[in-house]
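Participant: For reference, the sequence and a predicted model appear below.
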Amino acid sequence: MTDSRAFVLCGHRGNMAGWPENTLSSFAGAELAGVDEIELDVRITRDDVLVVIHDRTAARTAAAPTPHLHTAIEDLTFDEVKSIDLGCGDRIPTFEEALDATRVLLQVEIKAPRAARVLAKFLQSRTGSDRARCLVTSFDPLSLSDFIAESSTLPRGTALHVPDPDTNWRDDARRLGVSTVLLPLATTQRRLVDELHDAGYAVGASLIEGPGDVRRVCELDVDTSASNAPEYARRLLRASEQFMARFPSFGRRPLPVEGPS
């Protein structure tokens, strides 16, 4: 059975298979791999600059020693954050730089609660086309609540990450009025996906790391999934007869000739 739904392949933190995560190089690599969307993580510096980094500190991702290695991003100035070397010529980008450097849809995850209202104000200052690309997400209902309280409506809305489907998260999703629910691929059940679809939500489940995950995506009938290696995931999806029968419009852009070097 097919319908008008389109499947969205998301590059998790860009294209981590070939470049340092959450960098402009990783985002460019994800677009080269043919993603529909890029997922990135937003924190805020001590002087209120929105920056793109997953962890609370740069200890895991920095490529060189720095006096700022174990200091929380929120306790550093932007100049101090910008001095951190991520390797391959990359530095921690600002969210503004990431927005300006990309053209595909963006999944913008609020990692620091203090970033929520600053992000809302920043997006209000951008063009309608920029806002239309962004789906703002968080694991933290309070961060989403702060964002929504400060923000005009985004065309793609907001999304709640649910790490454990067996917890009491439905009230948060309803209260916040999110458009999308993001679930773990391994533990989500089809009956939950059907319930959410019937209630009008879009549903994502991640990550795609191998052929078995593509099978799970088909079994669950979700709308989106992310991958750390989006070119590989795209090829797996295109090679699945079951998936392509369900989403025949997927991947109409030509596949890349080569993967990242």
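Facilitator: Yep, it's here. Numbering: from 1, shown residues only.

Participant: Could you check how far residue 185 is from residue 12?
Facilitator: 12 Å (C-beta to C-beta, to the nearest Å). In this view, the C-beta of every residue, glycine as well, is placed from N, C-alpha and C.

Participant: okay, the two: which has more neighbours?
Facilitator: residue 12 (28 against 19; other C-beta atoms under 10 Å).

Participant: Now do the phi/psi pair for the more buried one.
Facilitator: phi -70, psi 110 (degrees, to the nearest 10).

Participant: contacting residues for it?
Facilitator: The contact partners of residue 12, taken as C-beta atoms under 8 Å, 6 or more residues apart in numbering, are 39, 206, 207, 226, 227, 228, 230.

Participant: what is in contact with residue 185 and residue 12 at once?
Facilitator: 206, 207.

Participant: Could you single out the nearest of the contacts of residue 12 to residue 245?
Facilitator: Lowest distance from residue 245 to the contacts of residue 12 (C-beta to C-beta) belongs to residue 227, with 20.7 Å.

Participant: Tell me how many other residues crowd that closest one.
Facilitator: Residues near residue 227, counting by other C-beta under 10 Å, number 28.

Participant: Spit out the contact partners of it.
Facilitator: 9, 10, 11, 12, 206, 207, 208, 209, 233.

Participant: The last one: which element?
Facilitator: Taking DSSP states H and E as the definition, one finds residue 233 inside helix 230-239.

Participant: cool, the first one as well?
Facilitator: Secondary structure assigned from DSSP H and E places residue 9 in strand 8-12.

Participant: coming back round to it: quick one: buried ones out of the contacts of residue 227?
Facilitator: Neighbour-count burial within those applies to 9, 10, 11, 12, 206, 207, 208, 233; the criterion is 16 or more other C-beta atoms under 10 Å.

Participant: so where do the helices sit in the stretch 151-261 of the chain?
Facilitator: Taking DSSP state H, counting those that start in this stretch as the test, the helices found in the stretch 151-261 of the chain are 170-176, 190-198, 211-220, 230-239, 241-246.

Participant: Of those helices, which is nearest residue 118?
Facilitator: Using C-beta to C-beta, the nearest of the helices of the stretch 151-261 of the chain to residue 118 is helix 170-176, at 18.8 Å.

Participant: Any buried residues in that closest one, and which?
Facilitator: 172, 173, 176.

Participant: Correct me if wrong, but residue 57 is in a helix.
Facilitator: No: according to DSSP: H, G, I helix; E, B strand; the rest coil, residue 57 belongs to no helix; its state is coil.

Participant: Tell me the spacing between it and residue 117.
Facilitator: Residue 57 is 23 Å from residue 117, by C-beta to C-beta.

Participant: do you know how far the nearest residue to residue 105 once chain neighbours are set aside is from residue 174?
Facilitator: In space, and not counting its chain neighbours, residue 105 is closest to residue 37: 3.9 Å by C-beta to C-beta, 6 or more residues apart in numbering. Between residue 37 and residue 174 the computed distance is 25 Å (C-beta to C-beta).

Participant: pLDDT wise, what is residue 163 at?
Facilitator: Reported pLDDT at residue 163 in the predicted model: 97.

Participant: What of the one 10 residues further on?
Facilitator: Confidence per residue is given as pLDDT, and for residue 173 that number is 98.

Participant: if I read this right, it contacts residue 203, doesn't it?
Facilitator: No: shown here, residue 173 and residue 203 do not form a contact pair, counting by C-beta atoms under 8 Å, at 11.1 Å.

Participant: anything in contact with each of the two?
Facilitator: residue 181.
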